[in-house]
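> Would you be able to build a 3D model of this:
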Amino acid sequence: MTALRGAAAYGGRGAGAYARVGVESATMSASPHQLIVMLFDGAQAAIRAARIHMQAGHTAEKGKAISKALDIVNNGLAAALDTDKGGEIAERLASLYDYIARLLLAANLHNDQESLDQAERLLEDIASAWRDIGSAGAQG
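Residues are numbered from 1 along each chain as shown. Coordinates of the predicted model:
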């Protein structure tokens, strides 16, 4: 391995490590509200990546990106719901997250861009409302 290639490989690992530390630091200092916003951002980024891979015909990468979005929706957003405190709103969100998960599965199985688009729109609607709640709380 040449010195240049070695430095480039090291630099790539270093940049990845730096990014992970940045994400870890951000999550450790974030409020619960900010953590949910980060989950929405991550799910939406994964869906955008899935769309790019779907359009390019990269099936494996599309599947990985959709799996990441599903993981965030199911094990992040849905798992964070508290039906005892959230009542009917939490139950409705749980149903909506389940529907979004089914859309993502259909998008993956059938290369269905419309299902992917619909999942992204629904997540953006919820994320937008969530961000508005955070802005209102910060002002009041």
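> quick one, what contacts D112?
By Cβ atoms under 8 Å, 6 or more residues apart in numbering, the contact set of D112 is A106. C-beta: built from backbone N, CA, C; applies to glycine.
> And it, how far from A46?
16 Å (Cβ to Cβ, to the nearest Å).
> Also L93?
19 Å.
> ok, these two, which is more surrounded?
Set L93 next to A46 and count neighbours by other Cβ atoms under 10 Å: A46 wins out with 22 against 17.
> In terms of helices and strands, where is the more buried one?
For A46, the element it lies in under DSSP states H and E is helix 32-56.
> Any idea how far the helix or strand that comes right after that helix is from the middle of the chain?
Remark: after helix 32-56, the chain's next helix or strand is helix 59-72, criterion DSSP H and E. Averaging C-alpha positions (Cα atoms, centre = their mean, to the nearest Å) puts helix 59-72 10 Å from its chain's average.
> again, but for stretch 104-116
16 Å.
> ends of that stretch, how far apart?
One end of stretch 104-116 to the other measures 6 Å (Cα to Cα, to the nearest Å).
> in that stretch, what counts as buried?
Buried positions in stretch 104-116, judged by neighbour count with 16 or more other Cβ atoms under 10 Å: 104-108, 112, 115-116.
> And for stretch 53-64?
Buried residues in stretch 53-64, defined by neighbour count with 16+ other Cβ under 10 Å: 53-54, 62.
> can you list the domains in the protein?
Domain ranges of the chain: 1-30, 31-139, per automatic domain parsing.
> Least confident of these, on average?
Ranked by mean pLDDT, the domains of the chain end with domain 1-30 at the bottom, a mean of 48.
> Between all of the buried residues of stretch 104-116, which two are separated the most?
Taking Cβ to Cβ, the two most distant members of those are L105 and L116; they sit 10.8 Å apart.
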